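[1] Build me a model from this:
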Amino acid sequence: MKLSIAAMVAACAMSLAGPTAAANFEVLMLNKGTDGKSMGFSPSFLQVEPGDTVTFIPVDKGHNAETILDMIPAEAATWKGKMDEQFTVTLTVPGLYGFKCNPHLNMGMVGLIQVGGDRHNMTALLNVRLPGKAQGRMAELFAKSSPRP
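    This is a model prediction of the structure:
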């Protein structure tokens, strides 16, 4: 009987343990994306949870990553990585985050991060006009996002 009570106490203690550690995702900045298109992030679309981090890694020279004006949740802070430098951002506000490589925006170097299952800011993002190739690639990325319970 003592063993059963001890096992129950241990099971209860484990179920009350804190949340799991936040995950870290890596996004590569490339002259040629893994999708075969020139100037790309790999991956260009991520689904993460609030509190997760994303590390942007410049594999090829001449790239940075930064938020696109009006393409993040209103409550979230913008971020901007320096040219040719790795940096990490922690995403805590649920919603969609559009990001770009500033020097290669016209060539379509954009990406999208969905934090949680929340897409409350999708309409605002759809109303932002980007240069030709970037607009087309962003539309492809929007199609990859989906609401989750």
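[2] Which helix or which strand is home to the most centrally placed residue in the chain?
    Most central in the chain under Cα atoms, centre = their mean is Ile113, positioned 3.0 Å from the mean C-alpha point. When secondary structure is defined using DSSP states H and E, the element that contains Ile113 is strand 110-115.
[3] contacts for that strand?
    Counting by Cβ atoms under 8 Å, 6 or more residues apart in numbering, the neighbours of strand 110-115 from elsewhere in the structure are 27, 41, 43-50, 52, 54, 65, 68, 73, 91-101, 130, 134, 137-138, 141-142, 144-146. C-beta here means a position set from N, CA and C on the backbone, and glycine is covered the same way.
[4] Just the buried ones from the residues you listed?
    Neighbour counting by 16 or more other Cβ atoms under 10 Å classes 27, 41, 43-48, 52, 54, 65, 68, 73, 91, 93-101, 130, 134, 137-138, 141-142, 145 among the contacts of strand 110-115 as buried.
[5] Quick one: mark the members of the residues you listed that sit in strands.
    When DSSP state E is applied, the buried ones among the contacts of strand 110-115 are split such that 27, 41, 45-48, 54, 95-100 fall in strands.
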